[in-house]
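Undergrad: This is the structure alone, sequence omitted:
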C-alpha cells in the first residue's frame, strides 16, 4: 500500500506511554553529550519503533526534543573550553537557511523516500566515523575561504536537520574534523552550538505544518537534557578513536533496523 501523508493532529492520537518516551530521551541525551549530536540519529528510529510514529512525525518531534539538549550540551562543553564560537556561528548561519529548505522537503517528500534517504544517510555517517581519525586538542583556524566553506557546510547541516530531525551533528562533527582540523571535543561542542538555531528554525516550520507532537517532544527533551550531562562526562573520558568506532556501530545498527522496517512497509 502506498504511503499517504499523516493528516491526523497529535491530539487525535492516543497518548504515548511516558516510560517509552523517557527511554527515548535517556538514549538521545547520552548520545548528544557523548558524540556532539542532537541525539536524533537514534531518537528518530526509537520514536518509530517504540512510540510507533511515522517517519515524518518522528523527525519533527525529535527536532523539538533536541533543542534543550543542545543548549545544555553546548554550555557544558563551552565551560570546559571546547567550543569555537566563530566557527559555530558561521556554520549556524548556513544552517538556518538549510533548515527552512529541509522542513519544506519534509512536508513534500513521500514517506517511503524519507525512510530510505535516512537509512542511506546513516550508512554514510557510519563509514565516515570509521575512516576519520580524530585528534584531541586541535583547534580550528578560520581563514576567509574556510569561513565560506563553513557556511556551505551549514546549509547542508540545516537541510539534514529539517528533513530528518537529527540536528545535523552527524555532518557537523565529521566536517569540522576532516575539513577544518578540529579536535574531537571542539568539534562536538561546536556542533551542539550549531544545532540550536537550526533546531529552532526547523521546529517553528514543523509546528506551522502540524507535524509536531509537543507532549512527546517535551517528555523526550526533558529526559534527554538530564542525561546529556553524563554523556559529556563520558566524552572526556573515552579516547577519541574509540568514541568514533562506538558511534559508528550504533549508527549502523540503527540503519539496519530501519532498512528492515522500510522493506516490510514498502
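TA: Happy to help now that I have it. Just so we're clear, the structure is a prediction, and the values are computed from it rather than from any experiment.
Undergrad: Please identify the buried residues of stretch 68-81?
TA: 68, 69, 70, 71, 72, 73, 74, 76, 77, 78 (16 or more other CB atoms under 10 Å). Heads up, the C-betas are built off the backbone N, CA and C, glycines and all.
Undergrad: Quick check: the fifth one vs residue 131, distance?
TA: Note on residue 72: its distance to residue 131, by CB to CB, to the nearest Å, is 30 Å.
Undergrad: Same check on the third one?
TA: With distances defined as CB to CB, the gap from residue 70 to residue 131 amounts to 26 Å.
Undergrad: try residue 24
TA: 29 Å.
Undergrad: The two: which is more packed in?
TA: Using other CB atoms under 10 Å as the criterion, residue 24 and residue 131 rank with residue 24 on top: 30 against 11.
Undergrad: Now that one: which helix or strand?
TA: helix 18-35 (DSSP states H and E).
Undergrad: cool, residue 94 as well?
TA: Assigned by DSSP H and E, residue 94 falls in helix 85-108.
Undergrad: Just the mean pLDDT for that helix, thanks.
TA: Helix 85-108 shows a mean pLDDT of 86 in the predicted model.
Undergrad: go on, stretch 61-73?
TA: Rounded mean pLDDT across stretch 61-73 is 89.
Undergrad: so how far is that stretch from its chain's centroid?
TA: 9 Å (CA atoms, centre = their mean, to the nearest Å).
Undergrad: Then stretch 209-216?
TA: 17 Å.
Undergrad: do the same with stretch 21-37
TA: Counting by CA atoms, centre = their mean, stretch 21-37 comes out at 10 Å from the chain centroid.
Undergrad: swap in stretch 219-233?
TA: Counting by CA atoms, centre = their mean, stretch 219-233 comes out at 14 Å from the chain centroid.
Undergrad: Then stretch 140-158?
TA: That offset, for stretch 140-158, works out to 19 Å (CA atoms, centre = their mean).
Undergrad: Next: stretch 79-87.
TA: On CA atoms, centre = their mean, the centre of stretch 79-87 falls 19 Å from that of its chain.
Undergrad: Could you do stretch 21-38 as well?
TA: For stretch 21-38 - counting by CA atoms, centre = their mean - the centre lies 10 Å from the chain centre.
Undergrad: same thing with stretch 214-233?
TA: Between the centre of stretch 214-233 and the centre of its chain there are 13 Å (CA atoms, centre = their mean).
Undergrad: can you pull the buried residues of it?
TA: In stretch 214-233, counting by 16+ other CB under 10 Å, buried: 215-228, 231-232.
Undergrad: What segments of the stretch 51-200 of the chain are helices?
TA: Secondary structure of the stretch 51-200 of the chain (DSSP state H, counting those that start in this stretch): helices at 55-79, 85-108, 111-131, 144-164, 169-180, 184-208.
Undergrad: How about residues contacting the shortest one?
TA: Put plainly, it is helix 169-180. 32, 35-38, 41, 87, 91, 121, 125, 128-129, 132, 134, 140-141, 146, 149-150, 153, 156-157, 160, 182-184, 186-188, 190-192, 194-195, 251 (CB atoms under 8 Å, 6 or more residues apart in numbering).
Undergrad: Where does the prediction get shaky in the protein?
TA: Within the chain, the stretches with pLDDT under 70 are 1-16, 38, 111, 133-134, 165-167, 265-266.
Undergrad: wouldn't residue 59 be in contact with residue 44 here?
TA: Yes: with contacts counted by CB atoms under 8 Å, residue 59 reaches residue 44, the gap being 5.7 Å.
Undergrad: still on that earlier bit, of the buried residues of stretch 68-81, closest to residue 98?
TA: residue 70 (16.0 Å; CB to CB).
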